[in-house]
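Chemist: have a look; sequence and predicted model below, questions after that.
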Amino acid sequence: MGVKLKKYKGKWYLFIDYIGKRKAKCLGTDRKLAESIKRQVEAKLVLGGLGVFGTEEEKLPTFGVYADSWMKDYARVECKTSTADGYEGVLRQYLLPRFANNRLDEITRDRIKSMINELVAKDLSRNTIRNALCVIRGMINQAIEGGLLASNPASRLGRFTRTAKSAEKKGVSLTTEEVQTFLDSASEICPEYYPLFLTALRAGLRRGELVALQMGDLNFGKDENDLNRYIFVQHNYVHREHTSTKSKKARRVDMSKDLRKTLVELRDKRLLEAFMRGMNDISDALVFPSPDGKILDR
């Protein structure tokens, strides 16, 4: 028999373990009230568990049912569309085929370890397996917060993924000579995109960050010798959605003299075009728009 109080994200939870039955309940933020309820439950258990579990054993939802509600009420609300889509893909491909029809309390640590071993045996990368762990761990944490479970069997299992293969190298950096050859060719063949390619090479922005870059994100400093020249990366465009950067944090990227010169020329050209249309503020304008003035296809 056991009755425990645990605090999680500012709320108190009561966990009861009695003759093979388990129950968890959220008691709110008042510690004194939670401790009072704990004493009452302990007294009832001493008398034989009268009324603690109700007339029938409360059934937990299956993993599949809970996954649907988790995606709808948490992932699709709290996360970016691209992140939620990734979670949905992990559920569909790796988790639901194994656990969909099991109650949440039937998903044990040993079963999750078995899943890891199966995925390793299929020669999946370590990152792929860790993504699957991340999703199931996040779901169960939400179940704990909702008072459905007492502990997370998916916690601290990362070490079991060490035998998985590392992700293959996806790209090789250009040499200095290759960069110059590429820029010279771009300047000759497609000069309208030269500033974009130069920014990609010198600033290392992601594709979505490049196409979402706005004129107001460019800080040129007083002159080319002013070290306070940078690109303020705060926008992104992924899955046809304007959003924040991948880390959800803005960052500053230094601007080289060469890049500053090219972007200043581009800014002046855009200012003149805007002035001819009766506009004098281009801070919200895209730095690299499509020919029709909209977001550029990545």
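Modeler: Yes, it's here.
Chemist: rest of the way, CA atoms for contacts and neighbours
Modeler: Will do.
Chemist: any stretches of this structure with poor pLDDT?
Modeler: Under the criterion pLDDT under 70, the flagged ranges of the chain are 1, 18-21, 43-59, 167-170.
Chemist: residue boundaries of the strands in it?
Modeler: With DSSP state E as the criterion, the chain has strands at 2-8, 11-18, 21-28, 218-219, 230-233, 236-238, 241-243, 251-254.
Chemist: what about Leu148, how many neighbours?
Modeler: By other CA atoms under 10 Å, 23 other residues sit near Leu148.
Chemist: wait, isn't it in contact with Ile16?
Modeler: No: applying CA atoms under 8 Å as the test, Leu148 and Ile16 come out as separate, 11.3 Å apart.
Chemist: what do those two both touch?
Modeler: By CA atoms under 8 Å, 6 or more residues apart in numbering, Leu148 and Ile16 have these common neighbours: 23-24.
Chemist: for Arg130, give its distance to Leu218.
Modeler: 37 Å (CA to CA, to the nearest Å).
Chemist: compare the two (neighbour count), which wins?
Modeler: Leu218 (22 against 16).
Chemist: partners of the more buried one in the sheet?
Modeler: Per DSSP bridges, the residues bridged to Leu218 are Ile231.
Chemist: contacts only, for it.
Modeler: 229-232.
Chemist: among those, which one sits closest to Tyr8?
Modeler: Nearest to Tyr8 among those, counting by CA to CA, is Phe232 at 36.7 Å.
Chemist: wait, the closest one touches Arg251, no?
Modeler: Yes: if you go by CA under 8 Å, Phe232 and Arg251 touch, sitting 5.9 Å apart.
Chemist: the two: which is more packed in?
Modeler: Set Phe232 next to Arg251 and count neighbours by other CA under 10 Å: Phe232 wins out with 17 against 12.
Chemist: what separation do you get for that one and Phe197?
Modeler: Going from Phe232 to Phe197 by CA to CA gives 18 Å.
Chemist: same question, Ile107
Modeler: From Ile107 to Phe197 the distance is 50 Å (CA to CA).
Chemist: could you do Ile129 as well?
Modeler: Taken as CA to CA, the span from Ile129 to Phe197 is 35 Å.
Chemist: do Arg277 as well
Modeler: 28 Å.
Chemist: just Ser114 next, same as before
Modeler: The gap separating Ser114 from Phe197 is 47 Å, by CA to CA.
Chemist: show me which of Ile129 and Phe197 is the more surrounded one.
Modeler: Higher neighbour count among Ile129 and Phe197: Ile129, with 22 against 17, using other CA under 10 Å.
Chemist: okay, domains of this protein per the record?
Modeler: 2-46, 63-161, 176-276 (automatic domain parsing).
Chemist: dump those to CSV, plus distance to Phe288.
Modeler: Putting these into CSV (distance: least, CA to CA, whole Å) gives the following:
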stretch, distance to Phe288
domain 2-46, 43
domain 63-161, 23
domain 176-276, 6
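Chemist: for the ones you listed, which one sits closest to Pro289?
Modeler: Nearest to Pro289 among those is domain 176-276 (7.0 Å), distances taken as CA to CA.
Chemist: distance of Glu192 from Gly89?
Modeler: For Glu192 relative to Gly89 (CA to CA), the value is 38 Å.
Chemist: give me the neighbour count for Val172.
Modeler: 6.
Chemist: and Ser187, what does it touch?
Modeler: Ser187 neighbours (CA under 8 Å, 6+ apart): 193-194.
Chemist: change it to 10 Å
Modeler: Taking CA atoms under 10 Å, 6 or more residues apart in numbering, we find Ser187 in contact with 181, 193-195, 197-198.
Chemist: Arg156: how many residues sit nearby?
Modeler: Arg156: 10 neighbours (other CA under 10 Å).
Chemist: residue numbering should commence at 35 henceforth.
Modeler: Okay, residue one is now 35; in that scheme the one you just asked about reads as Arg190.
Chemist: skipping its backbone neighbours, what lies nearest Leu300 in space?
Modeler: Pro229 (7.8 Å; CA to CA, 6 or more residues apart in numbering).
Chemist: mind checking how far that neighbour is from Arg236?
Modeler: For Pro229, the distance to Arg236 - CA to CA - is 10 Å.
Chemist: same question for Leu125.
Modeler: According to CA to CA, Leu125 and Arg236 sit 38 Å apart.
Chemist: look at these two and report which has more neighbours.
Modeler: Between Leu125 and Arg236, counted using other CA under 10 Å, Leu125 has the larger neighbour count: 22 against 14.
Chemist: the more buried one contacts Gly98, correct?
Modeler: Yes: in this structure, Leu125 is within contact of Gly98 by CA atoms under 10 Å, at 9.1 Å.
Chemist: give me the common contacts of those two.
Modeler: 131-134.
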